[in-house]
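Enquirer: need a 3D model of the sequence below.
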Amino acid sequence: MSNGQELVLHKKLFRQLTTDELYELLRVRSEVFVVEQNCVYQDLDGIPHIKMTWRK
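Expert: Down below sits the predicted model:
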């Protein structure tokens, strides 16, 4: 990463996410897809998610 921090990959089952982790993932996803890419489509599609993978 350009700021000198090491990139860490996180992987959890959906049910293992804390409320704060889920909120942060949805906030960043919304920021990228709705704001930066001007994509105003509904994000939550009703399809159950089993696991989430993200980088910090």
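
Enquirer: going forward, measure contacts and count neighbours with C-alpha atoms only.
Expert: Noted.

Enquirer: tell me which stretches of this protein form strands.
Expert: Under the criterion DSSP state E, strands of the chain are mapped to 9-13, 51-55.

Enquirer: which strands border the first one, and is each parallel or antiparallel?
Expert: Each strand that strand 9-13 pairs with, and the sense of that pairing, follows from DSSP bridges: strand 51-55 (antiparallel).

Enquirer: comparing the strands of the chain by mean pLDDT, which bottoms out?
Expert: Note on these: strand 51-55 shows the lowest mean pLDDT, a mean of 65.

Enquirer: what residue ranges in the chain score low on pLDDT?
Expert: 1-3, 39-56 (pLDDT under 70).

Enquirer: let's see 80
Expert: 1-5, 33-56 (pLDDT under 80).

Enquirer: partners of Lys11 in the sheet?
Expert: Under the criterion used (DSSP bridges), Lys11 bridges to Thr53.

Enquirer: burial count for it?
Expert: The number of residues packed around Lys11, counting by other Cα atoms under 10 Å, is 12.

Enquirer: distance check, Leu25 against Gly4.
Expert: 22 Å (Cα to Cα, to the nearest Å).

Enquirer: tell me which of the two has more neighbours.
Expert: Neighbours per residue (other Cα under 10 Å) separate Leu25 from Gly4, with Leu25 holding more: 16 against 6.

Enquirer: quick one: that one from Phe14, how far?
Expert: 11 Å.

Enquirer: what's the answer for Val28, then?
Expert: Using Cα to Cα, Val28 is found at 17 Å from Phe14.

Enquirer: next: Glu24.
Expert: From Glu24 over to Phe14 (counting by Cα to Cα), the distance is 14 Å.

Enquirer: could you do Glu6 as well?
Expert: 24 Å.

Enquirer: who has more neighbours, the two?
Expert: A direct count of neighbours by other Cα under 10 Å for Glu6 and Phe14 places Phe14 higher, at 14 against 9.

Enquirer: in the chain, which spans are helices?
Expert: 19-30 (DSSP state H).
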